[in-house]
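In: here is my input, please return the structure:
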Amino acid sequence: MRADRFRHPARLTSASEIAADDKGFVVTFRDLPEAITQGEDVQDALVMAADCLEEAVWIRIKLGEPIPAPSDPEPGEHLVSLSAAMSAKALLACAMRDAGIDRPQLATRLGWPEDRLRRMLHPDTPVDLPEFERVLAVLGKRLALDLNDAA
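Out: So this is what the prediction gives:
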C-alpha cells in the first residue's frame, strides 16, 4: 500500500455558482463525500481542503470505517495530500483493517494497553516512527517513505 494512496482529488467550485452573493470556493471530495469545506480564494481553499481531508480520514479511523483509495483526478480537480503523520496513521489503520484485527486485539499482541494504541492513532499525537515500525511489523508490514512533488 503506497502512501500516495492518500492524495485525493478535490473539486473547487466558485461559491457564486451555489449562491449568487457568496464569494470564495467550496471544496468537495468525490471519494469522501462527507468532506466539504470552503476558502476565500484558491490558495485558502486548498489549505482548508488539506485540513478537511485530515479530519475526514481521522473520523474514519476513529469509527473503524474504510478509507477509500483515491480516484483518478478529473480535469479541473486538485490533488490534496494528507500530512506524513496522518498518512502513517491511515496506513496503520488500513493495515489493521486488511488483517482483520481491531485495536484491542493488536494491543494484546503488542502487550500494550489499548489506550496506548488509541493515542498513537490520534491526530494530535506526534508520530514516533520506530514505534510505528514495531506495530506494523506485528501486522507483517514495513513502513517505507516516499517523496512526491508538492501539489
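In: how about the helix or strand where residue 88 lies as PDB, C-alpha atoms only?
Out: Per DSSP states H and E, residue 88 falls inside helix 84-99. The C-alpha coordinates for helix 84-99 follow below in PDB (Å, rounded to 0.1, in the frame of the first residue of the first chain):
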ATOM      1  CA  ALA A  84       3.100  12.500   6.500                       C
ATOM      2  CA  ALA A  85       1.900  11.900  10.100                       C
ATOM      3  CA  MET A  86      -1.700  11.300   9.200                       C
ATOM      4  CA  SER A  87      -0.600   9.100   6.300                       C
ATOM      5  CA  ALA A  88       1.300   6.900   8.700                       C
ATOM      6  CA  LYS A  89      -1.800   6.700  10.900                       C
ATOM      7  CA  ALA A  90      -4.000   5.900   8.000                       C
ATOM      8  CA  LEU A  91      -1.700   3.300   6.700                       C
ATOM      9  CA  LEU A  92      -1.700   1.600  10.100                       C
ATOM     10  CA  ALA A  93      -5.500   1.700  10.300                       C
ATOM     11  CA  CYS A  94      -5.700   0.200   6.800                       C
ATOM     12  CA  ALA A  95      -3.200  -2.500   7.600                       C
ATOM     13  CA  MET A  96      -5.200  -3.400  10.700                       C
ATOM     14  CA  ARG A  97      -8.400  -3.500   8.700                       C
ATOM     15  CA  ASP A  98      -6.800  -5.600   6.000                       C
ATOM     16  CA  ALA A  99      -5.500  -8.100   8.600                       C
END
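In: buried ones in that helix?
Out: By neighbour count on 16 or more other C-beta atoms under 10 Å, the buried set for helix 84-99 is 85-96. Quick note: C-beta positions are derived from backbone N, CA and C, even for glycine.
In: next SSE downstream of that helix?
Out: Using DSSP H and E, the helix or strand that follows helix 84-99 in sequence is helix 103-110.
In: CA atoms only: put that next one into CSV for me.
Out: C-alpha atoms of helix 103-110 as CSV (Å, rounded to 0.1, in the frame of the first residue of the first chain):
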residue,chain,number,x,y,z
ARG,A,103,-7.4,-2.2,18.4
PRO,A,104,-7.9,-4.4,21.4
GLN,A,105,-6.5,-7.5,19.5
LEU,A,106,-3.5,-5.6,18.3
ALA,A,107,-2.8,-4.0,21.7
THR,A,108,-2.9,-7.5,23.2
ARG,A,109,-0.4,-8.8,20.6
LEU,A,110,1.9,-5.8,21.4
